[in-house]
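> prediction below, plus the sequence it came from.
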Amino acid sequence: MLEIFNPQVGFDLPQEDKERNAFLTLFSGFTSVADWIGSMTEFFPYEKSVDVALEKYAARASANAENALNDLGWFNWQADGKTLTFKEMFPFIAAPNSVQQTIIDEAAKTQLPALLILESPTGSGKTEAALYAADVWLQAQRGSGMYIAMPTQATSNQMYDRVEDFLRKRYKDEILNLHLVHGGALLKDAAQSENIYDEDKPDSQGAIRAEGWFLPRKRTLLAPFGVGTVDQALMSVLQTRHFFVRMFGLQNKVVIFDEVHAYDTYMSELFKRLLAWLKQIGVSVIVLSATLPEKTRRELTAAYLGLDEVDVPPAKYPRLTLASGDGVIQSIPLETPSSRIVQLQACDVQPQTIIAHLRTALQNGGCAAVICNRVKRAQDLYKEIQAAGLVPDEDLILFHARFPFARREEIEANVLGRFGKDKNGGKNPSRPQKSIVIATQVIEQSLDLDFDYMISDLAPVDLLIQRAGRLHRHSQNDSDRPQNLKTPALLIAFPQVNDIPKFGDDEYVYERSVMLKTWLTLKGKTEISLPQETTALIEAVYGEEVEIRDEALRKEMEAAIEKAKENERTEIFNAISCLIYAPSNEDLITQRNNQLEEDDPTVHHAFRAMTRSADPGVSLICLHRVNGVVCLDPEGATPLDLSAKPDKELTKKLLRQNVNVQNRMVVNFFMGKSETTWKDVAALKYAIPVIFENGRFMLDGKKHALNLDRYTGLTLQKEEQ
């Protein structure tokens, strides 16, 4: 073997812990991937003769290896070091705005790898700026690709289309391997069909493909280009069996993390460990956020540089933070867009109070959004508003995550079509004269929507700022807004009390201390100026100090803060216990790997690779019994045989009827009850069929029922005895 391969002699492992750990981790990933490819008998068939000269066999194996890599798509795209101007990348933009111009200037002179944190208001062109910087850095390092990490599957789907369009224009003459990377990616047909070519585009020699070998989720990050959830990147620092393969896939890429403010404490702890590893393996990182507390900005910068803490120069919002490869940290203030006044008003949470405000606000027409913190609250409010008859049923829309995927996709398209931007840049001809959308956090981020009036449940102040970003978002609609809605108005609903508020079930969604601080910060305010007051509002809620004169309220706040700190300590402990060590830890190679389960939701949470601190859920496939026959749809048009193994097309159709439920009673009832042959279909292995009759499925001895309605989604109802 030594004679045939003539390996380099005198090679020594790096002596410094973090460099040695990075090398061995990446080498583990490289070895595993090589083994997987080398095990493919279609490229490396069994040798029939045992009498083969080793030199000839090695030459043949080398040719087979090159053929395998070529056929699997490893050789399609390579960075060539050439860059384009911003105008060439985005010809539809007349000229870069001030935020984008600053990114253009700084990206060209930053030593790599680097961390870039961009904080600016919604609608300031952050996505285009990030894609430009990522491409410039990718070419400067002759990198292996880029990954865009979004907080949810829905936001990933939205971003995929934008990135695909960007790559088609940026690399129009090249073949690109682009993947949608999350658990529901199979439903995105256009993205995940194998070997998609642009043969109908005569002006282009290039193509966008989703190469089949890269489709399994453990391999997808190996593809040069990907858009997906942040969870897929976080898996590379969890104690899973093949964490090093995901790490190898991220190596030498540029990674964009969008909507970072959406991460909870547990997720943030994983993210900080990921940042440390990304820096060590040569990955440049771009972090995007409309709102970010100062403390978080410092922590993310320190994490990337592998330090416990750092001094980050102050800068007013909006701002750019740069930590370059040589450890230099810069804070660059960006041009502040003209602020706008958002009128504030408090109201009670009761449906009839909200209905009264809607009736007054929409007396001359207008498009209103009502944003709730919980699905059940949104469903109940929808029924009350529907009964009040404020708008025709077709102009009253309920939008939340507890619809089957196909129906949710339909609702999202309807909402975007009515309240989104016109594709030609003018006024949206589909915008209704008068309408109401009742929604949960699904419209809080990434969806480019415009409303004339908004009512929101009280939420953490940064999320309220996000929600307010959907008010008067598109200036082309301003001339058509009713006279009484010419100024953006946000009504905040919470229990009306004189002393200390209680937030009910919303405290299961958001920390009570943050809700109390937000209530105190906004109490008595009749307007806010955004983005001028963004930093002050966020620091008032997330800063270290809070001054309260009222003794009873102070004690209540102290108790809430102490409970929040206790929860934070628990979340951090839980996160650290499932992480691989930091790159600088000398014990990394000998660390016990608990081989946490990536896919099986039926195992105890202590043995699962959890990227989020959330209650366990169950995946329900909503089917219907029509005239005694099980069908895919309530109309009975597509009968099913649950005893037969579904093919690929039927699998997709079944997945489109999926709803994820986290209610403890529902999870306990269904866990482990699947009796179908779906266990042999990877995408459906842990999905459970639920057969509704007339929209109802009875639970636990007829004490509770699941109801499925086209307009309200899935609800859990206690039956009257």
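Structure's in. What do you need?
> tell me who's in contact with the residue lying closest to Ser331 once chain neighbours are set aside.
Excluding its sequence neighbours, the residue lying closest to Ser331 (C-beta to C-beta, 6 or more residues apart in numbering) is Ala315, at 3.6 Å. For every residue, glycine as well, the C-beta is placed using N, CA and C. Contacts for Ala315 (C-beta atoms under 8 Å, 6 or more residues apart in numbering) come out as 321, 331-333.
> count the neighbours of Lys376 for me.
15 (other C-beta atoms under 10 Å).
> go ahead and confirm it touches Thr715.
Yes - counting by C-beta atoms under 8 Å, Thr715 is a contact partner of Lys376 at 7.3 Å.
> what is the nearest of the contacts of Ala315 to Leu54?
Distance to Leu54 across the contacts of Ala315 (C-beta to C-beta) is lowest for Thr321, with 56.0 Å.
> output the lowest mean pLDDT helix or strand found in this structure.
The weakest-scoring helix or strand in the chain, judged by mean pLDDT, DSSP states H and E, is helix 189-192 (a mean of 43).
> what comes up buried for the helix or strand harbouring Asn574?
Here Asn574 is covered by helix 551-577, with elements defined by DSSP states H and E. Using 16 or more other C-beta atoms under 10 Å as the test for burial, helix 551-577 gives 556-557, 560-561, 564, 567-568, 571, 574-575.
> tell me which two of the residues you listed sit farthest apart.
Glu556 and Ala575 (28.6 Å).
> and Arg470, what does it touch?
Arg470 makes contact with 369, 443, 447, 449-451, 454, according to C-beta under 8 Å, 6+ apart.
> one more: Gly389?
For Gly389, no contacting residues are found, by C-beta under 8 Å, 6+ apart.
> which SS state does the closest residue to Ser32 other than its chain neighbours fall under?
Nearest residue to Ser32, sequence neighbours excluded (C-beta to C-beta, 6+ apart): Val245, at 5.3 Å. Look at Val245: counting by DSSP: H, G, I helix; E, B strand; the rest coil, its state is helix.
> so for the chain, the centremost residue is which one?
Centroid-nearest residue in the chain, with C-alpha atoms, centre = their mean: Pro151, separated by 1.8 Å.
> tell me the domain ranges of this structure?
Domain ranges of the chain: 2-72, 340-546, 615-718, per automatic domain parsing.
> Met40 and Ala68: what is the separation?
7 Å (C-beta to C-beta, to the nearest Å).
> neighbour-wise, which of the two wins?
It is Ala68, of Met40 and Ala68, that has more neighbours when counted by other C-beta under 10 Å, with 17 against 14.
> for that one, which non-adjacent residue is closest in space?
Residue nearest to Ala68 in three dimensions, not counting chain neighbours: Phe43, with 3.8 Å by C-beta to C-beta, 6+ apart.
> so the one you found makes contact with Asn64?
Yes - proximity of Phe43 to Asn64 meets the contact threshold set by C-beta under 8 Å, at 5.3 Å.
> now Leu222. Nearest residue, chain neighbours left out?
Gly249 (4.1 Å).
> before we move on, back to that, check the contacts of Arg470 and tell me the two furthest apart.
Once C-beta to C-beta is applied, the contacts of Arg470 give Leu447 and Met454 as the farthest pair, at 13.8 Å.
> neighbour count for the two, which is higher?
Met454 (24 against 18).
> the strand or helix carrying that one - contacts with which helices or strands?
Under the criterion of DSSP H and E, Met454 resides in strand 453-457. Here strand 453-457 touches helix 351-361, strand 366-371, helix 461-468, strand 489-493, going by 3 or more C-beta pairs under 8 Å, 6 or more residues apart in numbering; DSSP states H and E.
> okay, now the sheet partners of that strand, with direction.
strand 366-371 (parallel), strand 489-493 (parallel) (DSSP bridges).
> single out the most deeply packed of the ones you listed.
Of all the strands paired with strand 453-457, strand 366-371 carries the top mean neighbour count, a mean of 25, counting by mean count of other C-beta atoms under 10 Å.
> what's in contact with that one?
354, 358, 361-362, 378, 381, 385, 418-419, 431-432, 434-441, 443-444, 449-457, 459, 467, 470, 481-482, 485.
> dump the C-alpha coordinates for it into CSV.
The C-alpha coordinates for strand 366-371 follow below in CSV (Å, rounded to 0.1, in the frame of the first residue of the first chain):
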residue,chain,number,x,y,z
GLY,A,366,-59.4,48.9,5.6
CYS,A,367,-57.4,45.8,6.2
ALA,A,368,-56.9,44.8,9.8
ALA,A,369,-54.7,42.1,11.4
VAL,A,370,-55.4,40.6,14.8
ILE,A,371,-52.4,38.7,16.2
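> next, the angle from that strand to helix 461-468.
Relative orientation of strand 366-371 and helix 461-468, computed by axes from the mean of the first three to the mean of the last three C-alpha atoms, to 10 degrees: 150 degrees.
> show me what contacts the residue nearest to Arg241 when sequence neighbours are not counted?
Nearest non-adjacent residue to Arg241, counting by C-beta to C-beta, 6+ apart: Gln595, 4.8 Å away. If a contact means C-beta under 8 Å, 6+ apart, then Gln595 has 239-241 as its contacts.
> just the buried subset of these, written out for PyMOL, thanks.
Paste this into PyMOL to select the buried members of those, with burial taken from 16+ other C-beta under 10 Å:
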select buried, resi 239+240
